[in-house]
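Asks: Task: produce atomic coordinates for the following.
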Amino acid sequence: MYSKSLRSRLTGLSVLLFSTTLLSACSKAPEQAGQNTMPPAQVNVINVTAETVPFSITLPATLAGDKEIEIRARVTGIVESRNFDEGQYVKAGHSLFTIELEPFELAVEKAEATLHGAEANLAQAKRERDRLERLKDERSVSKRDFDNSVSAYEIAQANVESAKVALKEAKLDLQYAQVEAPVSGIVGREQVSLGSYISGPGTLLTELTDTSVMRARFGFSEREQLRIRKDVEMGSLKLPRNNEFDTTIILQDGSTYGQIGKVNFSDIRVNRYTGTSELQARIPNPSGELRPGQFVRVQLDGAVRNNAIVVPQKAVLDSGVGKFVYLARQNEQGMTVALPAPVEVGEWTRFNDQNMWVIRSGLKVGDPVIVEGMARIFFPGMPVAISNQGE
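Replies: All right, here's what the predicted structure looks like:
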């Protein structure tokens, strides 16, 4: 047990020590607070300008051959031979199938014989007419007999012309029996076997696709078309003449096909199921790299946006409810801070070797947009230090 005097001394010492510790802590607090203050984030900015930039559209598309032809025979008969390999490239005029030729060859010979007989009758009728014409002048033959000779001669002429047409038809059937390719292209699978009887055009023999030029078919939404029309009317967008966009093919692996095509067709109708209009572009395919049925993307170029505000894609952030950029502004204390500015974005474009967003609203010329250092901005209004001074 401590005496009262000892207890009072210990209590006074404890109070003195607590007061000293508290004063020491208070004197160090401002120093520590100053040491823990977050420094301004180092950022780069650009001052927004209005530019003329290219306008492009990228859409999914399907490829088809420029000509896709069903090969059918124009005559009936037995298939005697197939004169191609499936998937082979053939030139126009190449015989694809041969239908038994002998009946058609006999028909040609018969037509030739008929023509020769008609020509002989014509010669005889001419001689008779000429003989009676001389006798008519001597009044040794009646006018009726002479008129009959003239009529016989004219009938013989008509028979010769008819025989010539029949011969031409027989030769044409003989040619049709060799089923030639109407254009150059790739032959598909055979649809009939050797020895099959075909009943003329009613039987499909194979298909032929001209791949020297390909057609890219794609749909363009009515909503996007309306937006483009409004931009054109406002003067902010200029389309190529006759809407003949340059067309680049982007393959499935992301590579770009080397040939450039042109849009040559736009359907006036809107598909009621998809809400799109069909467009078509023709693309040269001299090496046969493109194939019918391929799924690709088409990039349509040739239009330009006038007085467009564009910012680098990396400067546009997503808040989860919309897009925004950070602007370097001064607050009420005169300190430069990062303030978010909501923006409405348009399409992507390529400008000054950078991928850019077209900004439809939310920015104006001269706004200082932060383009580097956004990862160092931890909250809106955070102090920032501009490294490039708006360059």
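
Asks: Show me where the stretch 1-150 of the chain dips below the pLDDT cut-off.
Replies: Applying pLDDT under 70 to the stretch 1-150 of the chain picks out residues 1-37, 138.

Asks: centroid residue for this protein?
Replies: The chain has V298 as the residue nearest its centroid, 3.8 Å off, counting by Cα atoms, centre = their mean.

Asks: What residues sit buried inside the helix or strand in which D147 is found?
Replies: Assigned by DSSP states H and E, D147 belongs to helix 143-176. Neighbour counts over helix 143-176 (16 or more other Cβ atoms under 10 Å) mark 146, 149, 152-153, 156, 159-160, 163, 166-167, 170-171, 173-174, 176 as buried. All C-beta spots, glycine's among them, are computed from the backbone N, C-alpha and C.

Asks: any idea how this structure splits into domains?
Replies: Following automatic domain parsing, the chain resolves into domains at 47-63+211-386, 76-99+180-202, 102-176.

Asks: hang on, the earlier thing: buried residues in the helix or strand encompassing the residue nearest to the centre of the chain, which are they?
Replies: Counting by DSSP H and E, the element that carries V298 is strand 295-312. By 16+ other Cβ under 10 Å, the buried positions in strand 295-312 come out as 296-305, 308-312.

Asks: Nearest to K238 among these?
Replies: V304 (5.3 Å; Cβ to Cβ).

Asks: could you list every residue that touches that closest one?
Replies: Applying Cβ atoms under 8 Å, 6 or more residues apart in numbering to V304 gives the contacts T52, V53, P54, F55, L237, K238.

Asks: would CSV of these with distance to P39, neighbour count and secondary structure be doable?
Replies: Formatted as CSV, these follow (distance: Cβ to Cβ, whole Å; neighbours: other Cβ atoms under 10 Å; DSSP: H, G, I helix; E, B strand; the rest coil):
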residue, distance to P39, neighbour count, secondary structure
T52, 40, 12, strand
V53, 37, 20, strand
P54, 41, 13, strand
F55, 42, 25, strand
L237, 45, 19, strand
K238, 47, 15, strand
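
Asks: Could you single out the nearest of these to E332?
Replies: The closest of those, once distances to E332 are taken by Cβ to Cβ, is V53, at 36.4 Å.

Asks: which stretches of the stretch 251-391 of the chain form strands?
Replies: Secondary structure of the stretch 251-391 of the chain (DSSP state E, counting those that start in this stretch): strands located at 256-266, 276-284, 295-312, 317-318, 323-330, 336-351, 354-361, 368-372, 384-386.

Asks: What is the first one packed up against?
Replies: Read it as strand 256-266. When contacts are defined as 3 or more Cβ pairs under 8 Å, 6 or more residues apart in numbering; DSSP states H and E, strand 256-266 packs onto strand 246-250, strand 276-284.

Asks: contact partners of it?
Replies: 214, 216, 243-251, 277-286, 289-290, 296, 300.

Asks: The residue nearest to the centre of the chain touches D246, doesn't it?
Replies: No. Applying Cβ atoms under 8 Å as the test, V298 and D246 come out as separate, 10.2 Å apart.

Asks: My reading is that L132 is in a strand; is that accurate?
Replies: No. Counting by DSSP: H, G, I helix; E, B strand; the rest coil, L132 is not part of a strand but helix.

Asks: And it, how far from R229?
Replies: 83 Å (Cβ to Cβ, to the nearest Å).

Asks: For the two, indicate the residue with more neighbours.
Replies: The neighbour comparison of L132 against R229 (other Cβ atoms under 10 Å) goes to L132, with 21 against 12.

Asks: bridging residues for the residue nearest to the centre of the chain?
Replies: L59, I249 (DSSP bridges).

Asks: Please apply the same query to W357.
Replies: So, taking DSSP bridges as the rule, W357 has V311, W348 as bridge partners.

Asks: Count the neighbours of it for me.
Replies: Neighbours of W357 using other Cβ under 10 Å come to 21.

Asks: can I assume it is in contact with F351?
Replies: No. Counting by Cβ under 8 Å, F351 is not a contact partner of W357; they are 10.2 Å apart.

Asks: hey, what's in contact with both of those two?
Replies: Between them, W357 and F351 share the contacting residues V310, judged by Cβ under 8 Å, 6+ apart.

Asks: Look up which helix or strand the residue nearest to F295 when sequence neighbours are not counted falls in, please.
Replies: Nearest residue to F295 in three dimensions, chain neighbours excluded: T62, at 6.0 Å (Cβ to Cβ, 6 or more residues apart in numbering). Per DSSP H and E, T62 falls inside strand 50-72.

Asks: List the buried residues for that strand?
Replies: Buried residues in strand 50-72 (16+ other Cβ under 10 Å): 51, 53, 55-57, 59, 61, 63-67, 71.

Asks: partners of the residue lying closest to E68 once chain neighbours are set aside in the sheet?
Replies: In this structure, E68 finds its nearest non-sequential neighbour in T209, 5.1 Å apart by Cβ to Cβ, 6+ apart. Beta-bridge partners for T209, by DSSP bridges, are E68, I186.

Asks: for T209, what are its contacts?
Replies: G65, K67, E68, I69, G185, I186, G188, P292.

Asks: just the helices in the stretch 1-150 of the chain please.
Replies: 4-36, 102-137, 143-176 (DSSP state H, counting those that start in this stretch).

Asks: gap between the last one and the chain center?
Replies: Helix 143-176 sits 57 Å away from the centroid of its parent chain (Cα atoms, centre = their mean, to the nearest Å).

Asks: What of the second one?
Replies: From the chain centre to the centre of helix 102-137 is a distance of 62 Å (Cα atoms, centre = their mean).

Asks: helices or strands next to that helix in the packing?
Replies: Using 3+ Cβ pairs under 8 Å, 6+ apart: helix 102-137 touches helix 143-176.

Asks: Buried ones in the helix or strand containing M214, by neighbour count?
Replies: For M214, the host element (DSSP H and E) is strand 204-221. Using 16+ other Cβ under 10 Å as the test for burial, strand 204-221 gives 205-211, 213-216, 218-220.

Asks: Next SSE downstream of that strand?
Replies: helix 222-234.
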